[in-house]
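>>> Next comes the sequence, and after it the predicted model I'd like to discuss.
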There are 2 protein chains.
Amino acid sequence: MAKPRLEFFFDFASTYSYLASTQLDAMAERAGAEILWRPMVLGAVFQGAGNDMPAKVAAKAPYLLRDIERWAKHYGVPFKMSSHWPCPTIAAERLTLVADESGKGPAFAKAVFRAMWAEDRNINDEAELSKLLAEVGLDPAAALARSKSPEIKERLRTNTDLALSRGAFGAPAMFVGEELFWGNDRLHFVEDALKRAGA
Amino acid sequence: MAKPRLEFFFDFASTYSYLASTQLDAMAERAGAEILWRPMVLGAVFQGAGNDMPAKVAAKAPYLLRDIERWAKHYGVPFKMSSHWPCPTIAAERLTLVADESGKGPAFAKAVFRAMWAEDRNINDEAELSKLLAEVGLDPAAALARSKSPEIKERLRTNTDLALSRGAFGAPAMFVGEELFWGNDRLHFVEDALKRAGA
């Protein structure tokens, strides 16, 4: 039987996607599941769904920062508010798709998440992105060139449209079959669904 | 030493407040904590905080219903989408404050939550409210009269202002000391905070 499959749609701009990303490997292990890391463009998802950034509500912003710190502590993972946020994340997302062509998408995505949300690095800078590509064993110049191809640009748009068409309105958006789960705080439901799908 | 104390600010219109309400007694027991049930007017909180109902985002509404059903199943509590929602909940909230004057606030609040979110009863109807008052041993006519007093009306406004001034922007808004926790999905953090406060 095929392994149960989680499609994890994320944007590097999303702190809760980062938090979830730190838990996926262990969850996949527990549930005997496979994870597909699918970058998407969160701004386009918000626009398409008529939604907006949670932090746009002034009273929510300080609470959310505190909440993220609580989750990081709960998981035992590092977190440092990015001095670069909000910044464009599209270059890193296209590079994730390039990395995926040689099976390094998940490793690259995890490295970018860490750079953005634990190390305060500027992931919209090609020099930083080159370092991250090299870290996972990719040729930076070749990967950067490939990331600007129409094919890769189109693939990122397709991911975004796919998430929207299946009901996503925020990040992370996670699908087990066609069942949507939204948010780092629903990983326990995702794990249950994977276990049911694998049973 | 005084028991650690959770202030639970809620509105009967909030499904996630209902879900949380079903877990509070067991949590208080585990944490050796005391719970103060504080009705507030969620519409005024949204307005004051520049926030809006989550279900206003069209793509979010069907997801939220599914999410609530998942939580109800997870908790093993009944849930039935109310055919009366959205409806005014202010009468029931004032009555909770009246019930509180004879120590029956929590029992009445739990009865109203169940009526609204498990039994599809119209909690904006005085006949239904009278039945609920009688269920918890209160005199319906006297309680209804008292609920219309300026003092009770003022007390509900004060609760609402208090929640807002401490940073609330949605429901349930829960405080352990001055630490704010938002949402049924943060009860594990609330419990940790109560245990720390009691240690």
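Looks like it arrived, so ask away. No experiment lies behind these values; they were computed from the predicted model shown.
>>> excluding its backbone neighbours, what's nearest A:P140?
A:S130 (3.6 Å; C-beta to C-beta, 6 or more residues apart in numbering or on different chains). Every residue, glycine included, has its C-beta placed from N, CA and C.
>>> give me the element that neighbour is part of.
Element membership for A:S130, per DSSP states H and E: helix A:126-135.
>>> With A:A91 instead?
helix A:90-101.
>>> swap in A:E151?
Going by DSSP H and E, A:E151 is in helix A:150-165.
>>> Centre of the chain to that helix, how far?
14 Å (C-alpha atoms, centre = their mean, to the nearest Å).
>>> CA-only coordinates of that helix in PDB, if you can.
Extracted in PDB, the C-alpha atoms of helix A:150-165 (Å, rounded to 0.1, in the frame of the first residue of the first chain):
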ATOM      1  CA  PRO A 150       9.600  30.500 -17.000                       C
ATOM      2  CA  GLU A 151       9.000  26.900 -16.100                       C
ATOM      3  CA  ILE A 152       9.900  27.400 -12.400                       C
ATOM      4  CA  LYS A 153       8.000  30.600 -12.200                       C
ATOM      5  CA  GLU A 154       5.000  28.800 -13.600                       C
ATOM      6  CA  ARG A 155       5.400  26.000 -11.200                       C
ATOM      7  CA  LEU A 156       5.200  28.300  -8.200                       C
ATOM      8  CA  ARG A 157       2.000  29.900  -9.700                       C
ATOM      9  CA  THR A 158       0.500  26.500 -10.200                       C
ATOM     10  CA  ASN A 159       1.200  25.500  -6.500                       C
ATOM     11  CA  THR A 160      -0.400  28.700  -5.400                       C
ATOM     12  CA  ASP A 161      -3.500  28.200  -7.600                       C
ATOM     13  CA  LEU A 162      -3.700  24.600  -6.500                       C
ATOM     14  CA  ALA A 163      -3.800  25.500  -2.900                       C
ATOM     15  CA  LEU A 164      -6.400  28.200  -3.500                       C
ATOM     16  CA  SER A 165      -8.600  25.900  -5.600                       C
END
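>>> interface residues of chain A facing chain B?
Counting by C-beta under 8 Å from any C-beta of the partner chain, chain A comes close to chain B at A:49-51, A:57-60, A:62-63, A:66-67, A:70, A:74, A:167-169, A:180, A:182, A:185-186, A:189.
>>> quick one: which of these sit in helices?
Here DSSP state H is the test, and the residues of chain A next to chain B give A:49, A:60, A:62-63, A:66-67, A:70, A:74, A:189 as lying in helices.
>>> could you flag which of the residues you listed are buried?
Buried subset of those (neighbour count, 16 or more other C-beta atoms under 10 Å in any protein chain shown): A:49, A:60, A:63, A:67, A:70, A:189.
>>> between those residues, which is nearest chain B?
A:A49 (4.1 Å; C-beta to the nearest C-beta).
>>> Next one, pLDDT for the residue lying closest to that closest one once chain neighbours are set aside please.
Take A:A49 and drop its neighbours on the chain: the residue closest to it by C-beta to C-beta, 6+ apart is A:F169, 3.7 Å away. pLDDT for A:F169: 95.
>>> Touching, A:F169 and A:A163? I think so.
No - look at A:F169 against A:A163 with C-beta atoms under 8 Å: they stay out of range, at 9.2 Å.
>>> Looking at these two now, which is surrounded by more residues?
Neighbour count, other C-beta atoms under 10 Å in any protein chain shown: between A:F169 and A:A163, A:A163 has more, with 30 against 21.
>>> Would you mind measuring from that one to A:A44?
9 Å (C-beta to C-beta, to the nearest Å).
>>> tilt between the helix or strand of chain A with the lowest mean pLDDT and helix A:150-165?
Least confident helix or strand, chain A: helix A:42-49 with a mean of 94, by mean pLDDT, DSSP states H and E. Per axes from the mean of the first three to the mean of the last three C-alpha atoms, to 10 degrees, the angle that helix A:42-49 makes with helix A:150-165 is 40 degrees.
>>> count of neighbours near the residue nearest to A:P140?
17.
>>> pLDDT at it, what is it?
Predicted confidence (pLDDT) for A:S130: 98.
>>> A:A58 now?
So, for A:A58, pLDDT stands at 80.
>>> In contact with it, which residues?
Contact analysis of A:A58 by C-beta atoms under 8 Å, 6 or more residues apart in numbering or on different chains lists B:49-50.
>>> Which other helices and strands does the helix holding A:S130 contact?
With contacts taken as 3 or more C-beta pairs under 8 Å, 6 or more residues apart in numbering or on different chains; DSSP states H and E, helix A:126-135 sits against helix A:90-101, helix A:105-117, helix A:140-147.
>>> Show me the contact partners of the helix or strand containing A:A197.
A:A197 belongs to helix A:187-198 when assigned by DSSP H and E. Identification of contacts with helix A:187-198 by C-beta under 8 Å, 6+ apart yields A:1, A:3-6, A:20, A:23, A:27, A:30-33, A:174, A:176-177, A:179, A:181, B:70, B:74.
>>> and with 6 Å instead?
Contact partners of helix A:187-198, identified using C-beta atoms under 6 Å, 6 or more residues apart in numbering or on different chains, comprise A:4, A:23, A:27, A:31-33, A:174, A:176, A:179, A:181, B:70.
>>> And the residues you listed, which is closest to B:S147?
B:R70 (35.0 Å; C-beta to C-beta).
>>> nearest residue to that closest one other than its sequence neighbours?
B:R70 sits nearest to A:F189 (C-beta to C-beta, 6+ apart), 5.5 Å away.
>>> Fine by me, thanks again.
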